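1. pasting the structure only:
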């Protein structure tokens, strides 16, 4: 059995999807209150963490196509959540930045999301919480390495 199809990895995938689904109620409430789709919110959160990303970097980070990211950016720009600027390093390149409305959308949501997740994990012991935090940290690091590799490969082609 390969690492990609081991029982432990299959269990992890199953539990990952179940854990992700636990966030659906708060995502849907936020989506409704802000008038934004979950995908639009994810894009704003990506920019909040790293402003000045290019279209290609955002597409890679969100695992969507470049035409899809352009359409998302068009809608968010029309609503005043983001702005596009010509890259000072490459006059042909465009960098994406949050406008105050986009920053406010993210910062206003974080406390609600934190409270919701804190309630979900309230029954965990400190040891369980620490173990899960370490596992999530490794998971995110692996995902970022994979994204960086994918981005490098797309630049080479």
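-> Sure, I can see it. For clarity, every value in this text was computed on a predicted model and none was experimentally measured.
2. mind checking which helix or strand of the protein has the lowest mean pLDDT?
-> The element with the least model confidence among the helices and strands of the chain, by mean pLDDT, DSSP states H and E, is helix 24-34, at a mean of 78.
3. could you give the mean pLDDT of the helix or strand immediately after that helix in the chain?
-> As assigned by DSSP states H and E, the chain's next helix or strand after helix 24-34 is helix 38-49. With pLDDT averaged residue by residue, helix 38-49 scores 91.
4. now for helix 38-49, which elements pack on it?
-> helix 24-34, helix 55-62, helix 66-78, strand 94-98, helix 100-120 (3 or more Cβ pairs under 8 Å, 6 or more residues apart in numbering; DSSP states H and E). No exception for glycine: its C-beta is placed from N, CA and C like everyone else's.
5. make JSON lines from these and add distance to residue 134 and mean neighbour count to it.
-> Formatted as JSON lines, the entries for the helices and strands packed on helix 38-49 read as follows, by distance: least, Cβ to Cβ, whole Å; neighbours: other Cβ atoms under 10 Å:
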{"stretch": "helix 24-34", "distance to residue 134": "24", "mean neighbour count": "14"}
{"stretch": "helix 55-62", "distance to residue 134": "23", "mean neighbour count": "20"}
{"stretch": "helix 66-78", "distance to residue 134": "32", "mean neighbour count": "16"}
{"stretch": "strand 94-98", "distance to residue 134": "31", "mean neighbour count": "18"}
{"stretch": "helix 100-120", "distance to residue 134": "17", "mean neighbour count": "14"}
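6. mind giving me TSV with the ones you listed and columns for distance to residue 149?
-> What follows is these, written out as TSV (distance: least, Cβ to Cβ, whole Å):
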stretch	distance to residue 149
helix 24-34	28
helix 55-62	10
helix 66-78	18
strand 94-98	22
helix 100-120	27
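7. what stretches of the chain score poorly on pLDDT?
-> 1-3, 155, 157 (pLDDT under 70).
8. max-length helix in it?
-> The helix spanning the most residues in the chain, taking DSSP state H as the definition, is helix 126-156.
9. thank you, goodbye.
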